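Asker: Pasting the sequence and the predicted coordinates here, then a few questions.
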Amino acid sequence: MNRRNDTGKLSLEIPSNIKYIREVSSGILKWLQPRKLDDSTLFDIRLCVEEVVRNAITHGNNNDKGLKVFINYWLEGDRLIVEVEDEGKGFGLDKMPDPTIEKNIMKGSGRGVYLVRKLMDKMEVNDKGNKVRLMKCLK
Amino acid sequence: MSVKTELKNNITVCCIEGEIDINTAVDIKKAFEKLIAKKTPKIVINLNKVTYVDSSGLATLVEILKNMRVYGGRMRLTNMSHKVKSLFEITKLEKLFEIIADEAEAISTFV
């Protein structure tokens, strides 16, 4: 599933099916093995990658199995970059309500993006709202 | 993922083993449906063997708590790893749940 593209980044693409989420995170964690990262960092990377890929499948591509999710990842020095792009129309990731306030705390959704913002060093979304870039310092 | 349920000092104790995430959320909900249908008044959930939780997993536990509150039931979470506990802290769910460090303490002080 992994392949290196012409920019030197590792890339993969998956159909919009949540059964592939674990394959994506496992592939990235396996690739990071030589860096001997601590369990907490690996947990954070797995969680954030899986949350963003799931959002791309369920919200971005609306679970349309004919649409794909594209994942690129690479290292810039000691920084891990993961980009996740879907083929949907984009949605307001930047406008997600705060899941920690009283009126939202019992809700069944909205914590994924919040966790990603807290556990990654940076999360950026393109203007269209269909491409997310995560950055995590590995030192 | 598995959920083992037993009665200790008249308190229902559920030990979840494995991951609580989008892949296991449905099975976990099913496992608790029977206890909720019986209006089990007090449930202690031991998370000692839980290795991973994602936002779906957190939402699943919130839903179980919500369903228990409908009939006045109470739930306690115990034996969380430092990492899993940190997710409850970040999302402020630590304010919503009764989180007790140790299962024995959670049972003996559950009044």
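Answerer: Structure received.

Asker: B:Arg74 reaches B:Met68, doesn't it?
Answerer: Yes. Between B:Arg74 and B:Met68 there is a contact at 6.8 Å, judged by CB atoms under 8 Å. For glycine as for every other residue, the C-beta is placed from the backbone atoms N, C-alpha and C.

Asker: got the buried residues for stretch A:31-46?
Answerer: A:Leu32, A:Leu37, A:Thr41, A:Leu42, A:Phe43, A:Asp44, A:Ile45, A:Arg46 (16 or more other CB atoms under 10 Å in any protein chain shown).

Asker: An error on my part: the question was meant for stretch A:130-139.
Answerer: By neighbour count on 16+ other CB under 10 Å, the buried set for stretch A:130-139 is A:Asn130, A:Lys131, A:Val132, A:Arg133, A:Leu134, A:Lys136.

Asker: Pull up the pairing partners for the helix or strand where the last one lies, direction included.
Answerer: In this case it means A:Lys136. Under the criterion of DSSP states H and E, A:Lys136 resides in strand A:131-137. Strand A:131-137 has these partner strands in its sheet, going by DSSP bridges: strand A:79-86 (antiparallel), strand A:122-125 (antiparallel).

Asker: Just name the most buried of the ones you listed.
Answerer: Sort the strands paired with strand A:131-137 by mean neighbour count, taking mean count of other CB atoms under 10 Å in any protein chain shown, and strand A:79-86 sits at the top with a mean of 21.

Asker: can you list contacts of it?
Answerer: Under the contact criterion CB atoms under 8 Å, 6 or more residues apart in numbering or on different chains, strand A:79-86 has outside partners A:16, A:28, A:32, A:45, A:48-49, A:52-53, A:56-57, A:60-61, A:67-75, A:121, A:130-138.

Asker: Report the spatially nearest residue to residue 48, omitting neighbours in sequence.
Answerer: No chain specified, so I'll use chain A. A:Val116 (4.6 Å; CB to CB, 6 or more residues apart in numbering or on different chains).

Asker: Can you look at chain B instead?
Answerer: B:Asn79 (3.8 Å).

Asker: Appreciated, that's everything.
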